[in-house]
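> Return atomic coordinates for the entry below.
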Amino acid sequence: MGAPPLAIDLVGPIAVRRNGEPVTLPQSKKTRALLAFLVLNRGPQRRERLCEIFWQVPDDPRGSLRWALSKLRGVVNDDAAERIKADREYVSFDDADVSVDLAKLHEAAERALRTGDADEIERVAAALGGDLMGDLALSDQPDFEQFRLGEREKARAARVALLRALEGKLVSDHARRANRLYELVEIEPYDVDAHVSLVAALAQAGRKTEAERQKALSEKALQGVEGADLSRLNMALSAKPVQKTSSSASQLAVIRQNVRFCRGKDGVRIAYATAGAGSPVVKAANWLNHLEYDWESPVWTHVFRSLTERTKLVRYDARGNGLSDWDVSDFSFEHHVDDLEAVVEAAKLERFPLIGISGGCATCIAYAVRHPEKVSKLVLVGGYARGWRAGGTDERIKQNEAMVTLTRGGWGQDNPAFRQLFTSLFMPDAPPVNQHWFNELQRKTTSPENAADLLSALGDVDVTDRLQEVQAPTLVIHARGDLRVPLSAGRDLAASIPDARFLMLETNNHLMPENDPAWPVCRDAIDAFLGE
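Purely as a prediction, here's the structure:
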């Protein structure tokens, strides 16, 4: 998927990319704010009006405008297009070949509401939760502030509409519905219906203590709201727990997490989340993740619950995955390491244990070498130093190339037969419910193109020359019968990383279900290692 000639991001820190490469922006906040204004206000803008909006104070507002436009031409114009057009009276922005994230999100919101796709509604709602033009506030320019706050209100209203629609789509999935209602209550704090629905959803999800706590918070928030019938909260609290399905996954309560966004070095938006309390532990992304669905799945829930019992777990969706940007042109390994850097910086983490699983192990190794001052301990589960293309046999390379082709052509189809090929490699001995959830996780996590490109990029990974540079105490864990990553790969990691410990698990599963006898062995080893 090729990058657009020019991309402008306004959700989060303003960023511009030309053919996928970041463009340095002027340091002047007013100049960057002017760009946002021109991008979002299609059609000619009178110079006199622009001076009123941005330069009420200077002696020469027209000169200030000319200077700002000269800086912006260097940012958005190129040999192929003159996007800022100006004459003596008017200034306009030609967006014919420009991708603007906010415009795309509003279009996606309308499309999601029209189609009623719950997964897409949830994804767009999360993206609209970013800090729109948050770095462009101009307190001394009231006209621009009115415009900026108006755009933020439009985005908020679109997100509210999506969350309300999603509530109706998730009537039988109380745990997931409760998590979305938390967001709705946060941005609509005086909405009685939202508070009542949240308390009821928590009660129906079997989260009684949390429902009681939320009822008390809701009563406090709604005191003084005219016409608010607080007795409805009592009725909501009395709702009986409802079992969604007979599967064990449906009975798992979802721990509340906080989802936020940051940007990689090339401007790609990365979603990250924190859950639990205590000292931070970071889990690197792997193939494939989704911040929301992972919590609901028996594939990952027991892993994350174990980590959040005593720590604050920080994790993120890799580029092209889950709630992170899907419109990505570069999945190269160093960008994945850059994205981990961005998450650590955004979460303001100083020093922490770093956990990698499968393909995330190489990312952890590279990060630990880049930032030895940050990583206190390293846990590598089912990992490898060299990808299938970099270190595989001819036969293995052919098999994986065939998988890439198969993925590109069949991903996301209703028949999960071809995805079962991947499932059998990741968890051959898992119960059927786990295999079903893993199939669905793959389908919901990303697009066919991204799934194939990510799988292909994993083949080129090679961190063998960095293993000796790892300084953090390291625990390497690997399954004896791992069909996805052979045991020899784990042994090689442990042998090459200075003073690394090695634990072999008696299982065939690359990803261990909770009922795998090897899981408590793995869990206890990680707990003991992190607790030292």
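
> ok, and the closest non-adjacent residue to residue 23?
Once flanking residues are discounted, residue 23 sits nearest to residue 16: 4.3 Å by CB to CB, 6 or more residues apart in numbering. Every C-beta, even on glycine, is put in place using the N, C-alpha and C of the backbone.

> Phi first, then psi, for that neighbour.
Backbone torsions of residue 16, given as degrees, to the nearest 10, read phi -130, psi 140.

> One more: the one 5 residues further on?
As for residue 21, its main-chain torsions (degrees, to the nearest 10) stand at phi -100, psi 130.

> quick one: low-confidence ranges for this protein?
Low-confidence segments of the chain (pLDDT under 70): 1-2, 57-58, 242-255, 410, 412-420, 432-436, 439.

> mind checking the longest helix of it?
If you go by DSSP state H, the chain has its longest helix at helix 142-169.

> For that one, enumerate the helices and strands it packs against.
helix 29-40, helix 47-54, helix 101-115, helix 118-127, helix 174-187 (3 or more CB pairs under 8 Å, 6 or more residues apart in numbering; DSSP states H and E).

> quick one: residue 98 and residue 463, what's the gap?
37 Å (CB to CB, to the nearest Å).

> Equivalent analysis for residue 189, please.
Distance of residue 189 to residue 463, computed by CB to CB: 47 Å.

> quick one, which of the two is more surrounded?
residue 463 (26 against 13; other CB atoms under 10 Å).

> just checking, the more buried one touches residue 385?
Yes. Using CB atoms under 8 Å, residue 463 makes contact with residue 385 at a distance of 5.1 Å.

> joint contacts of these two?
362, 365 (CB atoms under 8 Å, 6 or more residues apart in numbering).

> sorry, back to before: can I get the helices and strands packed on helix 142-169 in TSV including distance to residue 479 and mean neighbour count?
Shown next, in TSV, are these (distance: least, CB to CB, whole Å; neighbours: other CB atoms under 10 Å):
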stretch	distance to residue 479	mean neighbour count
helix 29-40	51	22
helix 47-54	61	18
helix 101-115	39	17
helix 118-127	31	22
helix 174-187	30	22
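
> Select, out of these, the one closest to residue 260.
Between residue 260 and these, the shortest gap by CB to CB is with helix 118-127, which sits at 9.9 Å.

> same for that closest one, what does it pack against?
Counting contacts by 3+ CB pairs under 8 Å, 6+ apart, helix 118-127 packs against helix 101-115, helix 142-169, helix 174-187.

> Give me the distance between that helix and the centre of its chain.
Chain-centre distance of helix 118-127: 12 Å, with CA atoms, centre = their mean, to the nearest Å.

> Helix 101-115 and that helix, what's the angle between them?
Orientation note: helix 118-127 sits at an angle of 150 degrees relative to helix 101-115 (axes from the mean of the first three to the mean of the last three CA atoms, to 10 degrees).

> For helix 118-127, which outside residues touch it?
Against helix 118-127 from outside (CB under 8 Å, 6+ apart): 11, 105, 108-109, 111-113, 159, 162-163, 165-166, 169-170, 180, 183, 259, 261, 269, 271, 292, 323, 444.

> so is the residue lying farthest from the centre of the chain in a helix, a strand, or just coil?
No residue in the chain sits farther from the centre than residue 59, which is 45.9 Å out by CA atoms, centre = their mean. Classification of residue 59 by DSSP: H, G, I helix; E, B strand; the rest coil places it in coil.

> Okay, buried residues for stretch 519-530 please.
Within stretch 519-530, the residues that count as buried by 16 or more other CB atoms under 10 Å are 519, 521, 522, 523, 525, 526, 529, 530.

> again with stretch 349-366
Neighbour counts over stretch 349-366 (16+ other CB under 10 Å) mark 349, 352-366 as buried.

> any idea how far residue 327 lies from residue 215?
Distance from residue 327 to residue 215, by CB to CB: 41 Å.

> Same question for residue 151.
Counting by CB to CB, the gap from residue 151 to residue 215 is 35 Å.

> Of these two, which one has the most company?
Set residue 151 next to residue 215 and count neighbours by other CB under 10 Å: residue 215 wins out with 21 against 17.

> can you pull the contacts of the more buried one?
Per CB under 8 Å, 6+ apart, neighbours of residue 215: 199, 233, 234, 236, 237.

> Assumed it was part of a helix.
Yes. Assigned with three-state DSSP, residue 215 falls within a helix.

> I'd like the numbering to begin with 61 instead of 1 from here.
Let's use 61 as the start, then, which means that last one is residue 275.

> what pairs with the residue nearest to residue 83 across the strands?
As for beta bridges, residue 76 partners with residue 68, residue 83 under DSSP bridges.

> Could you verify my assumption that it touches residue 132?
No. In this structure residue 76 lies outside contact range of residue 132 using CB under 8 Å: 9.6 Å.
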